[in-house]
Each structure stands twice: as C-alpha cells, then as structure tokens.
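> how would this look folded up:
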Amino acid sequence: MIATENVIASANAETPAHAPTRSLTDMSSMITPPVGVALLGATGSVGTSALRVLERHRERFVPVALTAHSNQDALQEQVAQFSPAYVGLVAPPTDELPEDWGKGRSCLVEAATRPDVQIVINAVVGAAGLEATLAALTAGKRVALANKETLVMAGQIVTDTARRHGGALVPVDSEHSAILQCLAGREPSDVRRLIITASGGPFRTWNSERIAQATVSDALRHPTWQMGSKITIDSATLANKALEVIEAHHLFGIPYDRIDVVVHPQSIVHSLVEFVDGSVLAQMGVPSMELPILYALTWPERLPDAGVPPFDLVGLGSLTFEAVRHDDFPMLALGIAAGRQGGAAPAVFNAANEVAVAHFLDGRLPFAGIVQCVSAAVDALGTMPGDTLDALLAADAAARDYVNAKVGS
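Residues are numbered from 1 along each chain as shown. Below you'll find the model as predicted:
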C-alpha cells in the first residue's frame with residue numbers, strides 16, 4: 001500500500017508510487033471480517049483510546065492480541081472485557097502470571113506476528129517498539145504506528161522493510177495523520193513544505209528562567225491533550241516536535257528544510273501542507289487521539305463514528321498561531337539537527353531523551369537538565385556508526401549508559 005513517497009509502503013513495484021494498492025475493503029475480501037488487531041501498549045494512553053475505538057467498531061475489528069509493559073491489573077481488566085486470544089506483559093510486576101500469558105519483550109513480536117492479526121497498533125512508548133514494528137512489517141502486516149521513536153531511531157530501515165515485504169505503515173500521531181490526509185493523491189513534487197503544529201505545551205507563556213525551575217507537576221499539566229507522562233514531558237520541552245519532524249521526513253520523503261513547526265495553542269489544526277502553487281490544505285479536528293487511530297485502521301476509507309463530538313467551528317472561536325521561541329525551547333533545534341546529521345545521531349537523541357525524561361520524572365534531574373544531558377550525549381556519541389540495525393541498537397544503548405552515568409545512577 002502506497003499513499004505517498006514513503007508512507008504506506010508496498011512491495012508491489014508495478015503500482016504507481018502514490019496510488020493505494022489495497023484498501024480495507026480489499027483486505028476484507030481476503031479475510032473474513034472482523035479484522036484481527038494486535039494492540040501493543042494496551043494500558044497506556046493511546047492503547048486505552050484505541051480500545052474505545054475498537055469497542056465501537058466490533059463488527060469491523062476485534063482485538064485478538066493485547067500486550068502491556070507492567071500494568072498487570074489494568075491488562076487483566078481489558079482481557080476480561082475483550083477476551084483476546086493472546087496476552088503478553090513485557091515487565092511483569094510479579095511471577096504470578098497466568099500460564100498462557102507471554103512475558104518479556106518477545107511477547108511484543110509474538111503478538112505482532114500472529115497469523116490471525118492483520119493490523120498491529122504499536123502504542124509502545126520508546127525504542128522498545130522497534131523490533132515489533134520490523135517483525136510486523138516483515139510479516140506483511142499493516143502497522144498503525146503511534147510509536148514515533150521507531151522511525152526516529154531507524155526510519156530508513158523501517159520504510160525499506162515495509163517496501164521489501166509488502167507491509168504497510170500508517171501514522172497514528174495526529175500531526176502525521178493530518179499530513180497523510182492532506183497529501184492524498186498528490187505527488188511529493190507538488191509539495192512546497194509541511195507545517196506541523198505544536199500546542200506550545202504548559203510553558204508556552206513562561207520565560208526561560210521560570211522554565212528552568214519547572215517541577216514535574218508543572219510539566220505534566222498539558223493544556224489541551226491527555227497523554228502519558230513521557231510524551232507530556234516531551235511536549236513541555238518540544239522534544240516531541242523534533243521527533244515528529246524526523247518522523248515526517250521518513251514517512252513522506254520531504255527534506256528537513258521543507259518541514260516547519262508553528263505553535264497553535266488551541267490544538268485544532270493538526271498540520272498543514274503548502275503546495276507549490278501557494279495553496280494550503282489544513283486538517284482540523286478536536287484534540288482526540290481516537291480520530292487518527294480510527295483513520296489508521298480504515299485508511300483510505302472512513303467509517304461513521306460517534307466517539308467524537310461534532311465539530312463546532314463557531315464555538316471554538318479564534319484559532320491563533322505563533323512562532324516557536326527556539327531560545328527557550330532548545331530541544332526542538334537539537335533534535336532536528338540530529339535528524340539532519342543522520343546516522344546514529346537521531347537514535348542517540350531519542351535514547352538520551354528517554355533516559356533524561358525518566359530521571360526528571362523520578363526527581364533525579366531538574367527540568368533544565370534534560371536538554372543538557374541530551375545535548376552532551378549527541379555531542380559525544382552522535383558520530384557513532386548507524387548504517388545497520390545492530391549499530392543503531394549499540395548507539396541507543398551507549399546513549400542510555402551515557403545519560404545514566406551523567407546523572408549518577
């Protein structure tokens with residue numbers, strides 16, 4: 001399946017590069033609905049949103065595999081509700097697991113490659129989602145990707161794997177889902193630039209001195225989105241926008257110098273595409289992850305859905321846009337520079353950020369220390385080899401060790 005230059009990749013070399021090769025209807029002609037879905041990261045923010053979507057569309061989709069990181073109680077509640085054929089827990093809190101549950105990181109791959117699974121929703125947080133994404137694409141699955149770190153760490157390897165094995169890669173991030181919808185049926189040569197919006201996070205109106213002293217509770221107060229802790233902190237530093245720029249580069253094949261970020265506090269316009277003739281398409285919607293999750297499941301079709309309230313443009317009032325204050329949010333430029341550098345640098349940036357954010361959430365690192373640790377790691381390790389998956393995994397591990405040593409844990 002190919003929708004743009006790089007996203008929705010397919011092994012069908014005879015199909016034009018921007019024509020979808022199989023819709024969900026075509027998939028359903030080869031299998032008996034409902035379509036089997038593996039949900040990786042079922043107990044997290046995106047995972048629970050995905051289950052609400054799946055519940056509303058039981059006639060089309062059934063969750064046949066559920067995995068979680070360590071929240072055994074929440075996972076057991078989901079199992080009782082949905083009765084999946086496979087259940088896995090990556091880091092069980094105790095040894096008292098049901099005998100038929102998978103455990104350890106291998107359960108992600110086991111769930112993603114089951115023969116009764118046609119679509120994999122990868123909602124795993126961090127680089128841990130990479131192996132399952134590659135395994136699912138190798139098996140020819142559609143991957144609804146909410147795990148942006150997969151593409152940041154190994155974007156070229158992931159997209160090449162999708163093409164080589166006939167897998168499909170569809171973004172779940174609201175920004176990239178918006179771009180996908182705006183680009184439908186258009187050539188990359190038609191595009192002047194992509195414009196990704198950012199809410200600005202909880203510190204949009206704070207000065208640099210106040211930002212440097214921010215507490216964990218301050219950083220977790222996102223003004224518009226309900227998300228997990230890690231992505232909420234990334235929104236506060238704007239590291240999430242750096243990751244999204246790198247992700248967009250790999251998904252859509254657009255050079256970095258044609259991808260911009262603007263602040264849009266209302267989080268209604270999710271992204272915009274400016275075309276070479278000067279026209280601009282914007283995708284809008286209420287800030288709910290259920291919208292892009294459903295679209296990733298049904299692309300290129302749309303299903304009627306009662307989960308999101310009707311769009312009230314008048315009720316929303318004004319929509320405003322601002323320039324990014326790069327001096328106050330240096331993580332954005334740091335991450336984009338790592339993306340431009342290529343090789344292992346994006347993997348180092350991502351891994352260092354994951355570890356630094358974890359230390360901040362645990363109270364071992366001040367907010368200002370996040371960018372200090374990440375910048376030091378990229379400077380020290382960004383030139384490591386990054387031409388193979390093993391090399392990228394080594395760079396990822398080295399960056400984690402570097403930040404842990406720097407923080408002192």
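
> contacts for stretch 150-166?
Here stretch 150-166 makes contact (C-beta atoms under 8 Å, 6 or more residues apart in numbering) with 6, 9-12, 122, 127, 129-130, 133-134, 137-140, 143, 145, 167-169, 243, 246-247, 249-251, 339, 346-347, 349-351, 389, 392, 396. To be clear about C-beta, it is placed using only N, CA and C from the backbone, and glycine gets the same treatment.

> repeat that for 7 Å
Applying C-beta atoms under 7 Å, 6 or more residues apart in numbering, the contact partners of stretch 150-166 are 6, 9-11, 122, 127, 129-130, 133-134, 137-138, 140, 167-169, 243, 246-247, 250-251, 346-347, 350, 389, 392, 396.

> quick one: buried residues of that stretch?
150-155, 157-159, 161-163, 165-166 (16 or more other C-beta atoms under 10 Å).

> can you put these in JSON lines and add distance to Met331 and secondary structure?
As requested, these are exported to JSON lines (distance: C-beta to C-beta, whole Å; DSSP: H, G, I helix; E, B strand; the rest coil):
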{"residue": "Thr150", "distance to Met331": "19", "secondary structure": "helix"}
{"residue": "Leu151", "distance to Met331": "18", "secondary structure": "helix"}
{"residue": "Val152", "distance to Met331": "13", "secondary structure": "helix"}
{"residue": "Met153", "distance to Met331": "17", "secondary structure": "helix"}
{"residue": "Ala154", "distance to Met331": "21", "secondary structure": "helix"}
{"residue": "Gly155", "distance to Met331": "19", "secondary structure": "helix"}
{"residue": "Ile157", "distance to Met331": "24", "secondary structure": "helix"}
{"residue": "Val158", "distance to Met331": "23", "secondary structure": "helix"}
{"residue": "Thr159", "distance to Met331": "25", "secondary structure": "helix"}
{"residue": "Thr161", "distance to Met331": "29", "secondary structure": "helix"}
{"residue": "Ala162", "distance to Met331": "29", "secondary structure": "helix"}
{"residue": "Arg163", "distance to Met331": "31", "secondary structure": "helix"}
{"residue": "His165", "distance to Met331": "34", "secondary structure": "helix"}
{"residue": "Gly166", "distance to Met331": "36", "secondary structure": "coil"}
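
> between these, which is closest to Tyr256?
Nearest to Tyr256 out of the buried residues of stretch 150-166 is Gly155 (C-beta to C-beta; 12.1 Å).

> distance of the closest one from Leu389?
Per C-beta to C-beta, to the nearest Å, Gly155 is found 12 Å from Leu389.

> next: Pro115.
Taken as C-beta to C-beta, the span from Pro115 to Leu389 is 25 Å.

> pull the residues that contact whichever helix or strand Leu134 is part of.
Element membership for Leu134 (DSSP states H and E) is helix 130-138. The contact list for helix 130-138 (C-beta under 7 Å, 6+ apart) reads 40, 108-109, 112-113, 120, 122, 124, 143, 145, 147, 150, 153-154, 158, 161-162, 165, 167, 169.

> and the very next helix or strand once past it, what other elements does it pack with?
For helix 130-138, the succeeding helix or strand toward the C-terminus, using DSSP H and E, is strand 142-145. With contacts defined as 3 or more C-beta pairs under 7 Å, 6 or more residues apart in numbering; DSSP states H and E, strand 142-145 has these neighbours: strand 119-122, helix 130-138, strand 168-171.
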